[in-house]
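In: Just need the structure, nothing else, for what follows:
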Amino acid sequence: MEYWMTDNNHTVNSNGSNLAIGFTSSIVSVVLFGSNFVPVKKFDTGDGNITVVPIVKTIGLGLGLLIWASTNLLTGWASSRFGLFGINPEEVERPYLNYAGAGLSALSAIIFLFVKTEVKTDTSESETTPILRNSINSQEHTITDESWVDKLSPLQRRIIGSVMAVVAGVLYGSCFIPVLYIKDHSKNNESIYAGSSQFDVDYVFAHFSGIFLTSTVYFLIYCAVMKNHPKVYPEAILPGFISGTLWAIANCCWFLANNYLSAVVSFPIITTGPGLVAALWGVLVFKEIRGIRNYLLLILAFCIVLPGSLLTAFSKT
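Out: Numbers count the residues shown, from 1 in each chain. Purely as a prediction, here's the structure:
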C-alpha cells in the first residue's frame, strides 16, 4: 500500500510538471510569435517572402496575424482531434470543453474580419534604398522601389491580404502533421518509422532545415522572376535576423507544448494568443487599429477567444 501511494504521488507530480512545462512553453511561444515581426515592422522589406510580408503590408500586423492564427487553429486542431492525414486522433479528458474552446476561437476569427486597419506605407529614403543596385546599364535595368502591394486599392489590399492570411493559416496549421505522423507510425514495427523518437523537440532540426531549403528555393525563383534584380534592403537585414531568432525560439517552445500538452490542446492556445499580442502592438504602438467601433470589436473578440483558450486548457486537466 505504501509503495502504491508513493508511485501514485510520483505520477501526480510528474503530470503536474508536464503541465507546467507545457503551459509555460505555450506562454513564451504566444508572446514571441505575437512580437517577432515587430523588429522589421518599420523597415521596408521589399516584396517579402511569399505571404507574411505582403499580409503585413496589406492588412497590418495585428489583423493579419489574427486571421491566419485563427485558420491555423482550425487546421491544426481538426487534424489532431479527428486524426486527419493519416495521424491518430488525440483524446482529451473533457472533450466537450475542447470542442467549446475551439468553437469560441473560430467565432473570434469571424469577428476579427470586421476590424478595419490603417497601414502606413510612407518610409524614409534611407529605409527604401535597395542594397543591390545595378550600376551598369542602369537605363536597361531600371529598378523601382515600389512594391506590387503599393499598386493595390484599399479594397484590393483587404481582399488579397485576408485571402493570403487564410492560406498562410492553413499551411501553418499543417506544418506539424509530418512530425505527428512519424510519431504515430513509430509504434508499428512494419513501418519505416518504427522506433522513431517520441520527443517532439528531436524533430526541430529537420523542421527548420525544411523551412530553410524551401525559403531558399522560393528566393531563387523570385530572383529569376525579377531577372536577377531582387529588392534587398540593408536596413532590414539585422532586424530580419532578430525576427527570425524570436520566431525560432517560439517554434521550439511550440514543439515542447505539443509534447507535454498534445497538439489538440496547444494549438488553440498558441494560435490564438499571438493574435492578441499582435493586436496590442497594432493598437498601442503602430496605430493600425483606430476608432471606437474597431476597439469594441477587438474587445468582443478578446472576450470570446480568451475563454476559448482557457476551456481548451482545462480540457486536458
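In: low pLDDT regions in the protein?
Out: In the predicted model, the chain carries pLDDT under 70 at residues 1-14, 46-48, 61-62, 109, 112-113, 117-147, 313, 316-317.
In: As a check, name the ranges of all helices in it.
Out: Secondary structure of the chain, counting by DSSP state H: helices at 2-35, 38-41, 52-59, 61-82, 95-112, 154-174, 177-185, 204-225, 237-261, 263-284, 292-314.
In: Tell me which of the ones you listed lies nearest to residue 193.
Out: Nearest to residue 193, of all the helices of the chain, is helix 177-185, at 4.5 Å by Cβ to Cβ. All C-beta atoms are positioned from the backbone trio N, CA, C, and that covers glycine.
In: Could you check the closest one and say which residues are buried?
Out: For helix 177-185, the neighbour count (16 or more other Cβ atoms under 10 Å) marks 177, 179, 180, 181, 182, 183, 184, 185 as buried.
In: Equivalent analysis for stretch 18-35, please.
Out: For stretch 18-35, the neighbour count (16+ other Cβ under 10 Å) marks 19, 21-23, 25-26, 28-35 as buried.
In: what does stretch 277-293 give?
Out: 277, 278, 279, 280, 281, 282, 283, 286, 288, 289.
In: for it, the distance to its chain's centre please.
Out: Computed by Cα atoms, centre = their mean, to the nearest Å, the chain-centroid distance of stretch 277-293 equals 19 Å.
In: Endpoint to endpoint, it covers what distance?
Out: Its start and end residues considered, stretch 277-293 measures 20 Å (Cα to Cα, to the nearest Å).
In: Dump the buried residues of stretch 277-293 to CSV, plus distance to residue 305.
Out: Converted to CSV, these look like this (distance: Cβ to Cβ, whole Å):
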residue, distance to residue 305
277, 12
278, 13
279, 10
280, 13
281, 16
282, 15
283, 15
286, 21
288, 19
289, 16
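In: between those, which is closest to residue 154?
Out: Of all the buried residues of stretch 277-293, residue 154 sits closest to residue 288, with 13.5 Å by Cβ to Cβ.
In: I'd assumed residue 282 was in contact with that closest one.
Out: Yes: contact criterion Cβ atoms under 8 Å: residue 288 and residue 282 qualify, at 4.1 Å.
In: separation between residue 114 and residue 162?
Out: 11 Å (Cβ to Cβ, to the nearest Å).
In: So for those two, which sits in the more crowded spot?
Out: residue 162 (19 against 12; other Cβ atoms under 10 Å).
In: Return the distance of that one relative to residue 91.
Out: Here the distance between residue 162 and residue 91 works out to 34 Å (Cβ to Cβ).
In: Could you do residue 20 as well?
Out: 21 Å.
In: again, but for residue 99
Out: According to Cβ to Cβ, residue 99 and residue 91 sit 13 Å apart.
In: who's more crowded, those two?
Out: residue 99 (16 against 10).
In: what about that one, distance to residue 205?
Out: Residue 99 sits 35 Å away from residue 205, going by Cβ to Cβ.
In: residues near the closest residue to residue 106 other than its chain neighbours, how many?
Out: Distances taken as Cβ to Cβ, 6 or more residues apart in numbering place residue 74 nearest to residue 106, at 5.8 Å, with adjacent residues excluded. Residue 74 has 20 neighbours, counted by other Cβ under 10 Å.
In: I'd assumed residue 103 was in contact with residue 74.
Out: No: judged on Cβ under 8 Å, residue 74 makes no contact with residue 103 at a distance of 10.0 Å.
In: Can you give the distance of stretch 262-279 from its chain's centre?
Out: The chain centre lies 9 Å from the centre of stretch 262-279; the measure is Cα atoms, centre = their mean.
In: buried stuff in that stretch?
Out: Buried residues in stretch 262-279, counting neighbours by 16+ other Cβ under 10 Å, are found at 262-279.
In: Now residue 232: phi and psi?
Out: Main-chain dihedrals, residue 232, degrees, to the nearest 10: phi -120, psi 120.
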